[in-house]
Structure formats: structure tokens, C-alpha cells
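Sequence and predicted structure below; questions after.
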Amino acid sequence: MIIYIDLIILINFIIDGLLLISVDILLKRNTKIKKIILAALIGSLSTLLLFTIKSSLLLLLFKLIISIIMVIISFGYKSFKYFKDNLFWLYIISIILGGSIYLLNDQISLVNNGLVFSKNGFKINLILIIIITPIILFKYLKNIKKFKNTYSNYYDVDIYYMGQKVSETGFLDTGNKLIDPFFGTPVVLVNKDLIKKKVNTFFIPYHVLNDKGVLEVFKPDKIVVNKKSTKKVLIGLSNVSLNGVKIILNMEVI
């Protein structure tokens, strides 16, 4: 097998740079591009030593040390948690990228021989890796940001009333600004099916965009949102159900 060292260094430089840029974007580190270039260069040149290390344990330790150096050069060391997050996401994104490329290579190299699939087909080459890598990283970053933005609004909610406890997942709707117009108490909307025991309710008027009316509410003993307890709240009974979530939180109770 012919190995082109200069090509290997170039490929590793590009991939290391893209991985570090991905960590920078994901964690919003706002690091300077010259630091990433320097770290990627060190990472790519270190591949020359991989051919001289025979021990698997030493190889693992060498890769770990190089990745630590790359992270510190790129993002600095402000605290252990800051450093740990940078290193953790560098490995996670590397695993995602490596697994994706391996899967693609495994799939497109299969050829159909009747009902049997064999690996005699086209293999992903280095040029294709350079093209595929930024696409995979872009899609991953886009989806993980969407996931974080969506699920950061989900909270653990416990509602206590009349000796009863309702434990459900609640969704923080920034548009839910319902308050009791008489006393200014925030209203949390809860699907009435969750309230099994009969409670003493009363009605308050509400006015939202393109809609107004009256809402049936009751005063709970307290609610706990992500371990934060409050008694200044009303529970509004409705038919709310958002992607299976039956509690819509108010900004005032977070």
C-alpha cells in the first residue's frame, strides 16, 4: 500500500480544523481563527508519530495528549469545567463525524448480487471525505441547536393541591402571559384531565391575541418547577396538549 504522507497531513489538518470550528460554533467560544489553524496544524503534524508508536495504550495516550493540547491552544484554559466541555464536545463531534463517514462508506461500497450484498463497490476516497465532512458537521450542528432550543423549554413540574400531587413535564411558552387581572397572579395552563380530584374553581377573564373569554382556575397549595417552589400561582383548566405536553408554564413562575 502506498501512503502519501503530505496528503494525510493535509486531510487531518482540514478535518481537525473543521472539528475545532464546530466546537467553537456549538459552545459560542468566539475564538480567533489563527488559534484554530495553529491547533489543527499541530494535530495534523502529530500524525507522523502515529507510524512509530506500536503500543495501543501509548497510541491512545498520545492521541489524548494531542487533543488536550489542541483544545487549550484553540480555546485557552479558563476553568476545569470550561476545558472539560471543550474536550468533551470535540470527542463527541469527532465520533459523530467518524461514525457517519464509516456508515456512508459501508453503505455505498455494497453491491447487489441478487439477494446478496457484497463489499466490492465504490469506496469513499479522501477527496470525497473533504466534501462530505463539512456537510455532516453542518447538519449535526443545525440539528443539535434546534434540539437545544426546543428542549431547553421543557421543565419538571409538580402541582400540589388538596393532598394530591401531579407530576408532569411542562413546556415554557414565552407567549403565555396570562395573569389574574384582579390580583396579578400568573396562570399556568393545565389539561383538566390531569386534575383527578374535585377542586373549588372560579373564573377569571382573559384577553389574548384574537381571543377573549373566561377561564376556569383554582388555587393550588403550591407548584414546583425544576425544584423551584412558588405559591403565587393559579392553575387554569383547559384542553391544552402540545406534542403530548399537558402543562403550559407561565414566564412568571420560572
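Received, thanks. Numbers count the residues shown, from 1 in each chain.

low-confidence ranges in the stretch 151-254 of the chain?
Under the criterion pLDDT under 70, the flagged ranges of the stretch 151-254 of the chain are 151, 208-210.

in it, which spans are strands?
154-161, 164-172, 187-191, 202-208, 211-218, 222-225, 228-230, 234-238, 247-249 (DSSP state E, counting those that start in this stretch).

How far away from the center of its chain is the helix or strand containing Lys146?
Lys146 is part of helix 126-151, with elements assigned from DSSP states H and E. Here helix 126-151 is found 12 Å from its chain centre; the criterion is Cα atoms, centre = their mean, to the nearest Å.

Could you check how far Asn153 is from Val199?
As for Asn153, its distance to Val199 is 27 Å (criterion: Cβ to Cβ, to the nearest Å). (Glycine included, C-beta is placed from N, CA and C.)

which strands and helices sit next to the helix holding Lys146?
In terms of contacts (3 or more Cβ pairs under 8 Å, 6 or more residues apart in numbering; DSSP states H and E), helix 126-151 is packed against helix 5-27, helix 80-108.

Let me know the angle separating the longest one from helix 126-151.
By that I understand helix 80-108. Inter-element angle recorded for helix 80-108 and helix 126-151: 130 degrees (by axes from the mean of the first three to the mean of the last three Cα atoms, to 10 degrees).

Any idea how far apart the tips of stretch 187-196 sit?
Counting by Cα to Cα, to the nearest Å, you get 19 Å between the two ends of stretch 187-196.

Contacts only, for the spatially closest residue to Ile195 that is not a sequence neighbour.
Counting by Cβ to Cβ, 6 or more residues apart in numbering, the nearest residue to Ile195 once its immediate chain neighbours are dropped is Leu237, at 6.6 Å. If a contact means Cβ atoms under 8 Å, 6 or more residues apart in numbering, then Leu237 has 190, 192, 195, 201, 215-218 as its contacts.

And the furthest pair within those residues?
Considering Cβ to Cβ, no two members of those lie farther apart than Ile195 and Leu215, which are separated by 14.0 Å.
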